[in-house]
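> Could you work out the structure for the sequence below:
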Amino acid sequence: MKPNKCKRELRDPIVKKMATLREIRRRIVSIQNIEQVTDAMRVVAAARLRRAQENINATRPYADKLNTILGHLISQMDTENQALTHPLLETREVKHVCIISVSADRGLCGSFNSNVIRTTTQRMEHYQESGADVTLLCIGRRSQEHFNRRGYDITDAYVNIFRQLEFQTAVDVVHEFEHLYTEKKIDKVEVIYNNFKSAILQTVLVEQLLPLEPEIPEGDELFLDYIYEPGQVELFEMLLGKHLNMQMWKVLLDSNAAEQAARMAAMENATQKAKELIDELILQRNRARQTQITTEISEIVSGAAALEG
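Numbering: from 1, shown residues only. Just a heads-up that it's a prediction; the model follows:
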């Protein structure tokens, strides 16, 4: 038994003893380089977050008010009015669903992408269990690559749009699923994205885009008698398209701001972990140096004693 034990110790000497001083120094330099990269990414994400937050804060009031105006128009118009039979308001039996999955184009942002992908997969399974067909419209490279590798039906994908986000992108997305809905190729449209709450809080939302369900005002606002020009019908039809475009634009801005916030938090955590690891390695380096110095002193003392003897 003893010879086998000695062989095992000789066979795995690196596992048992402390790493050499050179190896520790090399690891410290490597982690310091990583720390510089993650800290730089944190600073960039923070700067982009400020701009994205300004954009979403400027857009939300307009989009919310537009939704309220549409709801007020619906509540005030006669039920026999032709506008209430608009194709985008038509509710049908759900046999074909289009799900818009909004992710990021890049990683290194914590669970930002995985949360959207997981929620999208759950919604798809829910509709498939009920017998409905599901098609995907992916926004962002991460969701497109994930579902494409698994053979899902992707009707279209928009990648690298967050580098320079433009309102026309939202218009193009709306145009794509709007004509599918009016031609009765799909019966429902949902969008899944990360909603920006604050720099430390982002939540995954599932919102229905079609059929349209504008928010009906409650309380005293319901009975306000506005004078609309041109008529209510013309105004209603004109605002429907604007409403969809603004809702989609708000989704893209929300997702962009949430992505930058998630990346800033992830890089801040990575930088902090790197600093902690560097401190541990410095302590390990000092111990290794102390051991090395002690060993050298012992060898000198032993050599001197041997010479005297």
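> What's the separation between Ser101 and Gln208?
Ser101 sits 15 Å away from Gln208, going by Cβ to Cβ, to the nearest Å. C-betas here are computed from N, CA, C, even on glycine.
> Of these two, which one has the most company?
Using other Cβ atoms under 10 Å as the criterion, Ser101 and Gln208 rank with Ser101 on top: 29 against 11.
> and that one, that's in a helix?
No - the assignment for Ser101 by DSSP: H, G, I helix; E, B strand; the rest coil gives strand, which leaves it out of any helix.
> start the count at 726, not 1, going forward
Shifting the count to begin at 726 puts that one at Ser826.
> from memory it sits against Val841, does it?
Yes - using Cβ atoms under 8 Å, Ser826 is in contact with Val841, at 6.0 Å.
> any shared contact partners between those two?
Common contacts of Ser826 and Val841 (Cβ atoms under 8 Å, 6 or more residues apart in numbering): Ser868, Ile917.
> if I pick Cys863, what's in contact with it?
The contact partners of Cys863, by Cβ under 8 Å, 6+ apart, come to Ile825, Ser826, Ser828, Gln869, Phe872, Ile879, Asp881, Ala882, Tyr883.
> partners of the closest residue to the last one other than its chain neighbours in the sheet?
Taking Cβ to Cβ, 6 or more residues apart in numbering as the measure, Tyr883 lies nearest to Ile864, with 4.7 Å between them; neighbours along the chain are not counted. Each beta-bridge partner of Ile864 is listed here, defined by DSSP bridges: Val827, Tyr883.
> on that earlier part again, quick check, nearest of the contacts of Cys863 to Leu905?
Nearest to Leu905 among the contacts of Cys863: Asp881, at 10.4 Å, using Cβ to Cβ.
> can you count the residues close to Tyr787?
Counted with other Cβ under 10 Å, Tyr787 comes out at 13.
> I should have written Leu930 there, sorry.
Leu930: 16 neighbours (other Cβ under 10 Å).
> could you pull out the helices for the stretch 726-875 of the chain?
Remark: helices assigned in the stretch 726-875 of the chain by DSSP state H, counting those that start in this stretch are 727-736, 738-741, 746-801, 837-854, 866-874.
> by contact count, what packs against the longest one?
It stands for helix 746-801. Under the contact definition 3 or more Cβ pairs under 8 Å, 6 or more residues apart in numbering; DSSP states H and E, helix 746-801 sits against strand 913-923, helix 957-1033.
> switch the cut-off to 6 Å
Identification of packing neighbours for helix 746-801 by 3 or more Cβ pairs under 6 Å, 6 or more residues apart in numbering; DSSP states H and E yields helix 957-1033.
> From the chain's centroid, how far away is the helix it packs on?
18 Å (Cα atoms, centre = their mean, to the nearest Å).
> If you compare the directions of it and helix 746-801, what angle comes out?
Here the directions of helix 957-1033 and helix 746-801 differ by 170 degrees (axes from the mean of the first three to the mean of the last three Cα atoms, to 10 degrees).
> what residue ranges in the stretch 726-875 of the chain score low on pLDDT?
Applying pLDDT under 70 to the stretch 726-875 of the chain picks out residues 726-744, 801-810.
> and Thr880, which of the three is it?
Strictly by three-state DSSP, Thr880 counts as strand.
> Measure how buried the closest residue in space to it that isn't next to it in sequence is and give me the count.
Leaving out its chain neighbours, the residue that sits closest to Thr880 by Cβ to Cβ, 6+ apart is Thr860, at 4.8 Å. Look at Thr860: counted by other Cβ under 10 Å, it has 18 neighbours.
> bridging residues for Thr860?
Following DSSP bridges, Thr860 is listed with bridge partners Cys823.
> I'd guessed it sits against Ala882; true?
No - taking contacts as Cβ atoms under 6 Å, Thr860 lies outside contact range of Ala882: 11.9 Å.
> which residues touch the spatially closest residue to Ile781 that is not a sequence neighbour?
Spatial nearest neighbour of Ile781, chain neighbours left out: Leu978 (4.4 Å); criterion: Cβ to Cβ, 6+ apart. With contact taken as Cβ atoms under 6 Å, 6 or more residues apart in numbering, Leu978 is in contact with Asn780, Ile781, Thr784.
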